[in-house]
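>>> Take a look and give me a structure for this.
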Amino acid sequence: MKPFPTRFLFAVAALGATLPVPAEVPDWSGYSKSVKITFPGHAGSQELQNFPVLVRVSAENGFNLSKFKLSGGGDLRFSDADGNLLAHEIDTWTPGGESLVWVKVPRLSSETEIFAHYGNATPAAAPASSGVWSEGYAGVWHMNAATGETTQEDSTANGKDATVPAAVADGVAAGVSGVVGSAAAFDMRSDHKGGYAVPDTSQTFYGQTAMTWEVWSKQSAYPTYNGYIFSMQDTSSSTSPYIIYSYANTGRPVAYPRLEGASAAITYWPGDALVPPLDQWNHIVWRYDGEAGAKAVVLNGNTSGKYSGTADKGTILSISGYGNLIVGNFTGSGNGNAFPGSLDEIRISSVARSDDWITATYATVRDSSFASYEAIAKGGNDWTKYAKKFRISFPGVGSGVTLTNFPVLVKLSASSPSGFRYADCAKADGGDLRFADSEGNALDSEVETWNDGNGESFVWVKVPTLTSSTKITGYYGWAEAPAADDSAVWSEGFLAVWHMNATADRTTQPDSTSARRDLVLAGEVSGVARGIEGVAGKAAAFNAGDTHKGAYSYANSDGALTGVANITVEAWTKTTGAPSYNNGYLLFCGRDSSATAYQIYQKKDTFTLTTDYYIDKDGTATYCWGGSAALDGNAWDHVAFRYDGMNGKSSVVLNGVAATRSSPGAYGLMAGSGAFYLGNRDNSRAYAFPGSIDEVRISNVARSDAWLAATRATIADNAAFTTYGAASDNSQGTVVFFR
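Coordinates of the predicted model:
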């Protein structure tokens, strides 16, 4: 729970009142990304309550679109500055582009802050989207129906959907370009018929003492006959509580409301002064205040230039029979009075909207300075709240080398960085350790192994641009540090990453990528030793039993590990001798139950590591030799098999050096869904690898020599590859990032 401010507690206690129970707020730390949104463009003199603002979700506004976990923005949530969940409605979702979302802000002023959160596969339950439109809205139509659809949904809880009668469906075109997403175009028939009908017998859109009608319109021409925007009618008597239209030949946006007991409608308004320009989107608002006896029209948010006048006090006429609200025409399928152009964002309210409300409604759509966006990485990370920090640089990266989204290994212990103490961490298992680049952007990280005593901890950090001059900062010591997105470390073409750090009591080696292709212990369990010392944390040893059996396997039923155009398979191995029973398989991937896709093995009675694979030559599996290299017995070797199908070359890279190369031709690997095995040929044959395996990775790209050299160096030569600055207290003021 979020506590109440102290000043509030004292005030209530002084009055002798019972304290209310604070509302539960979601745990926003589980969201990997956040964006702070402020509203400097709100120029109103009053604070607006429960106001719907338009949020534009785009890369330009600080959203990392690749971090959304659910399709269609399903993990997008909003909160106020106190963490309270806000109602929102997705108007238009455009993957990779700009998406449009309406958010209800409880109190809107130029000082208001709200936050967008995303990057959580199991987000907090979202409030009903209709909750955005709770502040007096009787009907809200975004007009975002797709081309060919005949129904425009009402976004309020009233459920007053608008539908085009079948007889004149060709008079309206949905899915045209709008001011917010899509819109609908009218006057598509030569007889000017066609409009949306909204049945209403519950006095949702009439019988009110105050009303506001608003629309975004784009007229292509001033109508020869009146072009109707709204028409509310009693279908049994043809009596109209109101009609609102673009006046014939002039385009004046006039309105004729009729009051209870009145013999005639209120004199129409406005005069000739307010005429919406043609061929552009205009926001038009008509307002009737029956308590004050006032009427007004506002064009494009200009309340200082609005039309205003007096009107009889009273209530908009009620209907005794069957009511129909018509949008875009007079009677929908009757009179030929279609509006000559497009309509978007149509709203009817049972209140008289204030000038400030109307101005803000216009500005949130059309004023680019109304909202300001600032990316706050990791669900609202505030680097000033971390108690400790240390700096990291990478002088071991080769001169002139630039690697993108590269996972570096950060090693921590009681002696490195200087001054680092596990006791200064505020969460268990390194849960508050976070990293930032030189601009303060949060970096994805994964804790592989955490030893909070005198041991060594291993943490992987994805560096967006790694060069010899790159510098990052590690932060720790904040109990409320937001969660890290560990799988995002492995986004740069990785199909699977197995750290091999499972302990002896576990039979699964987890995959660290978002695909979660976990390895499962198969065959004779006694043939595999888990939790032994590895090159980075723990590892697994094979060939442990007398039968030389036992392996880890992955079903590969989707064929993701085969059939790729390019591939890099890499692992750290420590062979204890030459296999004497059979070839010792580091790994094997089949394209079916018996045929090979690719395999890496230590040849019998030798220390030679060999690779074989099959390429797809016009549907025919063609054998290729992938190269070989000589392993160093009883020492950790970094070995990689690489096939560049685009250029038709393959090679084995040993300890960062390309040992052998071959050129089989430009083809992809043979596709298939055979199982993948690690440490043996399968789960029954006696082809166990004679030694230990750690840090296994498969990628669908042909890694460069520089990438593979850096992959080896960040582990084996970490002290030379990486320089750690001393841990120090973190300033609680302005953070100056290490450049």
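>>> tell me which residues of stretch 118-138 are tucked away?
Residues of stretch 118-138 classed as buried: 118-120, 123-124, 126-127, 129-133, 136-138 (neighbour count, 16 or more other Cβ atoms under 10 Å). To be clear about C-beta, it is placed using only N, CA and C from the backbone, and glycine gets the same treatment.
>>> Which one of the residues you listed is nearest to residue 83?
Nearest to residue 83 among the buried residues of stretch 118-138: residue 124, at 10.8 Å, using Cβ to Cβ.
>>> For that closest one, give me phi and psi.
Backbone torsions for residue 124, taken as degrees, to the nearest 10, come to phi -60, psi 150.
>>> helix/strand/coil for the closest residue to it other than its chain neighbours?
Counting by Cβ to Cβ, 6 or more residues apart in numbering, residue 26 is the residue found nearest to residue 124 once chain neighbours are left out, at 3.8 Å. Of the three states, residue 26 takes coil according to DSSP: H, G, I helix; E, B strand; the rest coil.
>>> count of neighbours near residue 26?
When neighbours are defined as other Cβ atoms under 10 Å, residue 26 has 17 of them.
>>> From residue 302, how far off is residue 258?
28 Å (Cβ to Cβ, to the nearest Å).
>>> between these two, who's got more neighbours?
Taking other Cβ under 10 Å, residue 258 and residue 302 do not tie; residue 258 has more neighbours (20 against 13).
>>> Could you grab the helix/strand/coil label for the closest residue to residue 206 other than its chain neighbours?
Spatial nearest neighbour of residue 206, chain neighbours left out: residue 241 (4.1 Å); criterion: Cβ to Cβ, 6+ apart. Following three-state DSSP, residue 241 is assigned to strand.
>>> Could you do residue 697 as well?
Look at residue 697: counting by three-state DSSP, its state is strand.
>>> Show me where the stretch 401-550 of the chain has its strands.
Using DSSP state E, counting those that start in this stretch, the strands of the stretch 401-550 of the chain run over residues 403-412, 434-436, 442-443, 445-449, 457-466, 471-476, 494-498, 508-509, 519-522, 529-533, 538-541.
>>> Quick one: distance of the fifth one to the chain centre.
Translated: strand 457-466. 22 Å (Cα atoms, centre = their mean, to the nearest Å).
>>> just stretch 560-575 next, same as before
On Cα atoms, centre = their mean, the centre of stretch 560-575 falls 30 Å from the chain's centre.
>>> Start and end of stretch 66-75, how far apart?
Taking Cα to Cα, to the nearest Å, stretch 66-75 runs 12 Å from one end to the other.
>>> May I see the buried residues of that stretch?
Residues 67, 68, 69, 73, 74, 75 are the ones in stretch 66-75 that count as buried (16+ other Cβ under 10 Å).
>>> Most widely separated two among those residues?
For the buried residues of stretch 66-75, the maximum inter-member distance is 13.1 Å, found between 67 and 74 (Cβ to Cβ).
>>> so where's this protein uncertain?
Counting by pLDDT under 70, the chain shows low-confidence ranges at 1-24, 237, 271-272, 321, 332-335, 377-381, 731-739.
>>> Specify the residue ranges that define each domain of it.
Split into domains by automatic domain parsing, the chain comes to 25-125+372-378, 137-350, 386-483+722-729, 494-700.
>>> list the helices and strands the helix or strand in which residue 389 is found packs on?
Element membership for residue 389 (DSSP states H and E) is strand 388-393. Applying 3 or more Cβ pairs under 8 Å, 6 or more residues apart in numbering; DSSP states H and E, one finds that strand 388-393 contacts strand 471-476, strand 723-724, strand 728-729.
>>> ok, residue 364 to residue 299 distance?
17 Å.
>>> Looking at those two now, which is surrounded by more residues?
In this view residue 364 and residue 299 are compared by other Cβ under 10 Å, and residue 364 has more residues nearby, 25 against 21.
>>> Quick one: end-to-end distance for stretch 527-539.
14 Å.
>>> which residues sit in contact with residue 727?
388, 389, 390, 417, 418, 419, 420, 421, 424 (Cβ atoms under 8 Å, 6 or more residues apart in numbering).
>>> Not counting sequence-adjacent ones, nearest residue to it?
residue 419 is the one closest to residue 727 (Cβ to Cβ, 6+ apart), at 3.9 Å.
>>> The residue lying closest to residue 608 once chain neighbours are set aside pairs with what?
Take residue 608 and drop its neighbours on the chain: the residue closest to it by Cβ to Cβ, 6+ apart is residue 628, 5.4 Å away. Taking DSSP bridges, one finds residue 610 as the beta-bridge partners of residue 628.
>>> ditto for residue 231
residue 243, residue 326.
>>> Identify the residues contacting it.
240, 242, 243, 244, 245, 325, 326, 329, 330, 331.
>>> Between those residues, which sits nearest residue 313?
Among those, residue 242 lies closest to residue 313 (Cβ to Cβ), at 16.2 Å.
>>> could you measure that closest one against residue 288, distance?
8 Å.
>>> what do those two both touch?
The contact sets of residue 242 and residue 288 overlap at 211, 255, 257, 316 (Cβ under 8 Å, 6+ apart).
>>> Please report the distance of the second one from residue 267.
In this structure, residue 255 and residue 267 are separated by 10 Å, where distance is defined by Cβ to Cβ.
>>> Specify which residue of those two has the higher count of neighbours.
Just comparing residue 255 and residue 267: by other Cβ under 10 Å the higher neighbour count belongs to residue 255, 24 against 14.
>>> any residues touching the host helix or strand of the more buried one, and which ones?
Element membership for residue 255 (DSSP H and E) is strand 253-257. Applying Cβ under 8 Å, 6+ apart, the contact partners of strand 253-257 are 211, 213, 229, 240-247, 265-266, 268-270, 274, 276, 284, 286, 288, 295, 297, 299, 311, 316-317.
>>> Tell me which of these fall in strands.
Judged by DSSP state E, strands contain the following of those: 211, 213, 229, 240-246, 284, 286, 288, 295, 297, 299.
>>> out of these, which are buried?
Judged by 16+ other Cβ under 10 Å, buried ones among the ones in strands among the contacts of strand 253-257: 211, 213, 229, 240-246, 284, 286, 288, 295, 297, 299.
>>> Residue 706: which element?
Secondary structure from DSSP H and E places residue 706 in helix 705-716.
>>> quick one: that helix to strand 403-412, angle?
Helix 705-716 and strand 403-412 are oriented at 10 degrees to each other (axes from the mean of the first three to the mean of the last three Cα atoms, to 10 degrees).
>>> Pull up the gap between the residue nearest to residue 124 and residue 89, please.
Residue 26 is 18 Å from residue 89, where distance means Cβ to Cβ.
>>> which residues sit in contact with residue 571?
Applying Cβ under 8 Å, 6+ apart to residue 571 gives the contacts 586, 587, 600, 638, 639, 640, 693, 694, 695, 696, 697.
>>> re earlier: name the nearest of the contacts of residue 231 relative to residue 578.
Set against residue 578, the nearest of those by Cβ to Cβ is residue 325 (85.9 Å).
>>> residues touching the closest one, list them.
So residue 325 contacts 139, 160, 162, 197, 198, 200, 205, 230, 231, 232, 348 (Cβ under 8 Å, 6+ apart).
>>> Just among these, which is most surrounded?
When neighbours are counted by other Cβ under 10 Å, residue 348 leads these with 28 neighbours.
>>> you'd agree it is in a strand?
Yes: remark: residue 348 belongs to a strand, assigned using three-state DSSP.
>>> pretty sure it is in contact with residue 205, am I right?
Yes: here residue 348 reaches residue 205: they are 5.6 Å apart, a contact under Cβ atoms under 8 Å.
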